[in-house]
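Undergrad: Sequence below, structure please.
(one chain, ligands or ions: 1)
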Amino acid sequence: MKKMGYLGPKGSFSEEAIHIFLANHSELNSTPPELIPFPTIPRLLFACDDKEIDWAFVPLENSTEGQVGVTMDTLGQTEHLFITHEFVHPIDQCLLAHEPMPLEQIERVYSHEQSIGQCRDFLEKHLPHAQQVTCLSNSEAAHRISSIRENWAAIGPRRAAHLYNLHILQERIQDVTLNATRFILVGHGLAEMSDGEDKTSLLVIAENTPGSLYRILGEFAKRHINLSRIESRPSKRKLGEYVFFVDVDGYVFAPPIQDVLWALKEANISVKLLGSYPKALPDETIF
Ligand SMILES: O=C(O)C(=O)C[C@]1(C(=O)O)C=C[C@@H](O)C=C1
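TA: Numbering: from 1, shown residues only. Here you go, the predicted structure:
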């Protein structure tokens, strides 16, 4: 049986999303993979890089709170992984507690930092005196408060309430109602070109010299290649030095993309191919 890892424990948004993703991808689900929870995203991605598991399903960005830096940074350090799918999943945050209680009585709120960020205005307005405690995942937060009968709450998915026997104090507490996270599935082989629209994700290491980013982007523009995303992360070598995560329309072996890759190679610009995979159609119920 193939193994697919996710950020656990059970009841995280990652686990909620993986079930819906698999239901929509019969090619991966003919013999359903074994779902394996991991405590952190680096451990999950490195386990996949070391081939202990076949796939890793990880969050990449959220429409409200932005990039999931740890996923991007770890992907940059892995050697054998390719993104093979992307999946956009709506995120509805719930406030959970072991029993019904007025919000004013809540002393602490446990959650993942992404979720705290997605509910910042709610927390400022309704729980200004509660201490915020960050956890490795939302399900870990739910699990932590479930065994302690204090006036503590957790933020997380509705499913976590059922799994950890918690009461839902309030639903949809995220600051922006239409809140969604883009997840990616990574595996060990490059996905084949699809029948529909593909995209290619690259990690580009630009020099800190005048015009270097302009020159890189120019290679795409010259060939009319559309960029759908560009994000920077610190290079971790020196303050002010960055690497760029670039998503472009098209499959990696399409001649214009190959031309760009050659041009960048000739200019001594280092590029790592993160994957080429079908574009997720924006779900009309989300956006
Ligand atoms: O903690 C979880 O439930 C997760 O699956 C992680 C995660 C994330 O890192 O972005 C996934 C989706 C939501 O945006 C909030 C948290």
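
Undergrad: residues in the stretch 151-287 of the chain within reach of the ligand, list them.
TA: With the criterion set to Cβ under 6 Å from any ligand atom, the stretch 151-287 of the chain comes near the ligand through Thr181. Yep, even glycine has a C-beta here, placed from its N, CA and C like the rest.

Undergrad: Where does the prediction get shaky in the stretch 151-287 of the chain?
TA: The stretch 151-287 of the chain contains residues with pLDDT under 70 at 282-287.

Undergrad: How about it: which residue is closest to the ligand?
TA: Proximity of the stretch 151-287 of the chain to the ligand (Cβ to the nearest ligand atom) peaks at Thr181, 3.9 Å away.

Undergrad: Contacts only, for the nearest residue to that residue once chain neighbours are set aside.
TA: The spatially closest residue to Thr181, leaving aside those adjacent along the chain, is Asn62, at 4.6 Å (Cβ to Cβ, 6 or more residues apart in numbering). By Cβ atoms under 8 Å, 6 or more residues apart in numbering, the residues touching Asn62 are Val68, Ile91, Gln114, Gln118, Asn179, Ala180, Thr181, Arg182.

Undergrad: where do the helices sit along the stretch 101-250 of the chain?
TA: 113-118, 120-126, 138-146, 158-163, 212-222 (DSSP state H, counting those that start in this stretch).

Undergrad: To what extent is Lys272 buried, counted in neighbours?
TA: Residues near Lys272, counting by other Cβ atoms under 10 Å, number 15.

Undergrad: With adjacent residues omitted, what lies nearest to it?
TA: Using Cβ to Cβ, 6+ apart and skipping the chain neighbours, the partner closest in space to Lys272 is Leu203 (4.2 Å).

Undergrad: isn't the one you found right next to Gly76, touching?
TA: Yes - assessed by Cβ atoms under 8 Å, Leu203 is found in contact with Gly76 at 5.5 Å.

Undergrad: hey, what's in contact with both of those two?
TA: Shared contacts of Leu203 and Gly76, counting by Cβ under 8 Å, 6+ apart, come down to Val243, Lys272.

Undergrad: Buried residues in stretch 49-56, which are they?
TA: For stretch 49-56, the neighbour count (16 or more other Cβ atoms under 10 Å) marks Asp49, Ile53, Asp54, Trp55, Ala56 as buried.

Undergrad: Could I get the contacting residues of the third one?
TA: For Asp54, the contacting residues are Lys2, Lys3, Met4, Pro33, Cys48, Gly187, His188, by Cβ under 8 Å, 6+ apart.

Undergrad: Let me know the closest of the residues you listed to the ligand.
TA: Nearest to the ligand among the contacts of Asp54: Met4, at 14.0 Å, using Cβ to the nearest ligand atom.

Undergrad: wait, is that closest one part of a strand?
TA: Yes - assessed by DSSP: H, G, I helix; E, B strand; the rest coil, Met4 belongs to a strand.
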